[in-house]
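Trainee: Structure, please.
(2 chains)
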Number of protein chains: 2
Amino acid sequence: MIKLLVVGTLAYDSIETPFGKVKDVLGGSALHFTNSASFFTDVGIVATVGKDFEMSEIAFLKERNVDMAGIEIDEGKTFRWEGKYGYDLNQAVTLKTELNVIESFEPKVPEDYRDADFVFLANIDPVLQAYVIDQVKFPKAVVLDTMNFWIENKYNELLDVIRRVDILVINEAELREISKEHSLVKGAKKIMASGPTCVVVKRGEYGVFMMNREEIFLAPAYPLEDVFDPTGAGDTFAGGFMGYIANMGDTLPATLKQAIIMGSVMASFNVEDFSINRIKTLDYQEIRDRYSAFKRCIQFGDIEFK
Amino acid sequence: MIKLLVVGTLAYDSIETPFGKVKDVLGGSALHFTNSASFFTDVGIVATVGKDFEMSEIAFLKERNVDMAGIEIDEGKTFRWEGKYGYDLNQAVTLKTELNVIESFEPKVPEDYRDADFVFLANIDPVLQAYVIDQVKFPKAVVLDTMNFWIENKYNELLDVIRRVDILVINEAELREISKEHSLVKGAKKIMASGPTCVVVKRGEYGVFMMNREEIFLAPAYPLEDVFDPTGAGDTFAGGFMGYIANMGDTLPATLKQAIIMGSVMASFNVEDFSINRIKTLDYQEIRDRYSAFKRCIQFGDIEFK
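Mentor: Coordinates of the predicted model:
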């Protein structure tokens, strides 16, 4: 029985960064999310791929108890994305997007996924996100991601589905665009007034801002000498965040904060290599060590002045 | 006897933000720095003003033990700066700069300031910064700020003076420009290889990055609903940072971290009103309360997953 359901994409990415170039490597929101979350909990994937997708390439996820029964293999080709980064790795330039099988994607949640306690709706059409919510039973928390395309083209549908979720995980520009507020505090308050109890704002190399009904929490990003490839960092963050929450089984304030740090830890590994490579070979000791090292970079003492 | 010497500017600023407009209000690096640092230690100012400067406007600093014997009153007008901010308050647009008496500024350190334990060289010509270092005796730490103008126009002189200081306090773009490294970690390492033992990088609304020979420390910015006027935030940060260090009397790693949080606390007050207004009327309880509130936004628990 899975604890965490993710609905998103599996893709082949072609990526160029100042450090190298790869063609048709594994990618997609659901894959980066699952690769990260599966260290902490049992994940089930709902996604669609084309006949060209090599399922054997993701077979390693079965060892981490990932359920792939929800992956539909359709006529046609797998979703493809081609992008490029300059030295400012915060911003990808999309060179080409081939939707392929994604174009007719209708997420069908398998019967035995419907009891999942936690649900992550990765960035897809908000109408489909709502359709997934219709199919799940009594989740403890539904978490939603989105992107500028949906904010600009399906704003009302997006607002409708946001009202039905518990936590929004988006980036800084998206928060400003959805809320029409420049201030993160004001923007998060506005969104929370419509339904969600928590807003998590991803700020890339600047870390994460989180606001819930009790408090604000601020986390920096783990300091790396170099970011090799940021593709999938946001979904890897979400995977660590939700995997940790599903492992703990609650969304108490203390859990949310630790989950944000865990998401940041997983994202920091993701950017050290192309595709899912770094996290594919990760072990628990490395995760624990980086969590502790990260904590040491953030802690400080009480005020002492005379 | 002063403990902390600051060399910088006193100015009249004219500022426009989305929230209002003011003309010829008190400003300048040495003033914002001192207004902040004087809560924690005895400060002496070296600066120059014109005959039009109303000394009575800064007389309130005497109650906080600020020594103003080093302020020279010259023939001519006081330095003036005119700037404007849009909703993205991270970037000021300079509308006008009138150097006036600053043009012939030669910082002379009064005899009884020369034993100061701590020295802050605000953003002035690196040749003058070096001239100040020549005049002080055995400071425990000399801290330097600069700006893009000097990096671009006096790069070698700047590198020469950086070699002679203990701590660099600069912003992110300046670190990249000086070190010619995109990565903050690499940039800070490169600078530390030339002499300084610590690099503090101001990142505006994203907080502060600090690196010394022992560790990296990351602090977010205190979360405010609105930033009213960011003018002087960097110098107010430096004032809280160095005031706290001078109060403690050392630059141990634990002190440096608390000092960065204190600098951030003081900067968060500064941006709540125009000019030095908010900090002018601040009290110790407000400072203590915000330090504690800030700490609550940053702390989180140890890893707990099963």
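
Trainee: can you list the residues of the stretch 151-300 of chain A near chain B?
Mentor: Contact residues (Cβ under 8 Å from any Cβ of the partner chain) of the stretch 151-300 of chain A with chain B: A:182-186, A:203, A:206-207, A:209, A:215-221, A:223-226, A:244, A:247-248, A:254, A:257-258, A:260-262, A:288, A:291-292, A:295-300. Using the backbone N, CA and C atoms, a C-beta is placed for each residue, glycine as well.

Trainee: Just the ones in helices from the residues you listed, please.
Mentor: In helices, judged by DSSP state H, the following of those are found: A:184-186, A:244, A:247-248, A:254, A:257-258, A:260-262, A:288, A:291-292, A:295-298.

Trainee: Name only those of those that count as buried.
Mentor: In these, burial by neighbour count holds for A:184, A:186, A:244, A:247-248, A:257-258, A:260-262, A:291, A:295, A:297-298, counting by 16 or more other Cβ atoms under 10 Å in any protein chain shown.

Trainee: Helices along the stretch 101-250 of chain A, start to end?
Mentor: A:126-135, A:148-153, A:155-163, A:172-179, A:184-193, A:233-248 (DSSP state H, counting those that start in this stretch).

Trainee: relative orientation of the first one and helix A:155-163 in degrees?
Mentor: This points to helix A:126-135. Between helix A:126-135 and helix A:155-163, the angle comes out at 30 degrees (axes from the mean of the first three to the mean of the last three Cα atoms, to 10 degrees).

Trainee: neighbouring contacts of helix A:126-135?
Mentor: By Cβ atoms under 8 Å, 6 or more residues apart in numbering or on different chains, the residues outside helix A:126-135 that reach it are A:7, A:46, A:105-109, A:114, A:119, A:121, A:142, A:144, A:146, A:150, A:154, A:157-158, A:160-161, A:164-165.

Trainee: State the distance from residue A:139 to chain B.
Mentor: Distance, residue A:139 to chain B, by Cβ to the nearest Cβ, to the nearest Å: 20 Å.

Trainee: neighbours around that residue, how many?
Mentor: The number of residues packed near residue A:139 is 18, by other Cβ atoms under 10 Å in any protein chain shown.

Trainee: Assess the claim that it and residue A:121 are in contact.
Mentor: No: counting by Cβ atoms under 8 Å, residue A:139 sits too far from residue A:121 to count as a contact (10.8 Å).

Trainee: Please enumerate the shared neighbours of those two.
Mentor: With Cβ under 8 Å, 6+ apart as the test, residue A:139 and residue A:121 reach no residue in common.

Trainee: For the spatially closest residue to residue A:201 that is not a sequence neighbour, give me its contacts.
Mentor: Spatially, and ignoring its direct neighbours in sequence, residue A:201 is nearest to residue A:209 (4.2 Å; Cβ to Cβ, 6 or more residues apart in numbering or on different chains). Shown in contact with residue A:209 (Cβ under 8 Å, 6+ apart): A:172, A:184, A:188, A:200, A:201, A:203, A:216, A:217, A:218, B:220, B:223.

Trainee: same deal with residue A:274?
Mentor: Per Cβ under 8 Å, 6+ apart, neighbours of residue A:274: A:15, A:20, A:22, A:25, A:228, A:229, A:231.

Trainee: where along the stretch 51-200 of chain A do the strands fall?
Mentor: A:71-74, A:80-85, A:92-98, A:118-121, A:141-144, A:167-171, A:198-202 (DSSP state E, counting those that start in this stretch).

Trainee: Give me whichever of these is most buried.
Mentor: Each of the strands of the stretch 51-200 of chain A was scored by mean neighbour count; the highest is strand A:118-121, a mean of 28, by mean count of other Cβ atoms under 10 Å in any protein chain shown.

Trainee: partner strands of it, parallel or antiparallel?
Mentor: strand A:4-7 (parallel), strand A:141-144 (parallel) (DSSP bridges).

Trainee: Pretty sure residue A:297 sits against residue A:220.
Mentor: Yes: between residue A:297 and residue A:220 there is a contact at 7.4 Å, judged by Cβ under 8 Å.

Trainee: Now do the shared contacts for those two.
Mentor: By Cβ under 8 Å, 6+ apart, the residues touching both residue A:297 and residue A:220 are residue B:218.

Trainee: of all of the stretch 1-150 of chain A, which residue lies closest to chain B?
Mentor: Residue nearest to chain B within the stretch 1-150 of chain A (Cβ to the nearest Cβ): residue A:87, separated by 4.8 Å.

Trainee: That residue - how many residues pack around it?
Mentor: 11.

Trainee: related to what we said a few turns ago, can I get the strands of the stretch 51-200 of chain A in JSON lines with mean pLDDT?
Mentor: Shown next, in JSON lines, are the strands of the stretch 51-200 of chain A (pLDDT from 0 to 100):
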{"stretch": "strand A:71-74", "mean pLDDT": "97"}
{"stretch": "strand A:80-85", "mean pLDDT": "95"}
{"stretch": "strand A:92-98", "mean pLDDT": "92"}
{"stretch": "strand A:118-121", "mean pLDDT": "98"}
{"stretch": "strand A:141-144", "mean pLDDT": "98"}
{"stretch": "strand A:167-171", "mean pLDDT": "97"}
{"stretch": "strand A:198-202", "mean pLDDT": "98"}
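
Trainee: Just to check, residue A:240 is in contact with residue A:259?
Mentor: Yes: between residue A:240 and residue A:259 there is a contact under Cβ under 8 Å: 7.4 Å.

Trainee: Now for residue A:5: which residues touch it?
Mentor: So residue A:5 contacts A:43, A:44, A:46, A:70, A:109, A:113, A:116, A:118, A:119, A:120, A:136 (Cβ under 8 Å, 6+ apart).

Trainee: which one of those sits closest to residue A:235?
Mentor: Proximity of the contacts of residue A:5 to residue A:235 (Cβ to Cβ) peaks at residue A:120, which lies at 8.9 Å.

Trainee: Can you pull up the most central residue in chain A?
Mentor: Centre of chain A computed as the mean C-alpha position; nearest residue by Cα atoms, centre = their mean is residue A:235, 2.5 Å away.

Trainee: so the closest residue to that one other than its chain neighbours is in which element?
Mentor: Nearest non-adjacent residue to residue A:235, counting by Cβ to Cβ, 6+ apart: residue A:32, 3.8 Å away. For residue A:32, the element it lies in under DSSP states H and E is helix A:29-37.

Trainee: Touching that helix from outside, list them.
Mentor: With Cβ under 8 Å, 6+ apart, helix A:29-37 has contacts from A:4, A:6-11, A:43, A:45-47, A:58, A:61, A:66, A:120, A:122-123, A:145, A:232, A:235-240, A:242-243, A:246, A:263, A:266-267, A:270, A:276, A:279-280.

Trainee: Would you mind checking those residues for buried ones?
Mentor: A:4, A:6-11, A:43, A:45-47, A:58, A:61, A:66, A:120, A:122-123, A:145, A:232, A:235-240, A:242-243, A:246, A:263, A:266-267, A:270, A:276, A:279.

Trainee: Brilliant, that's me finished.
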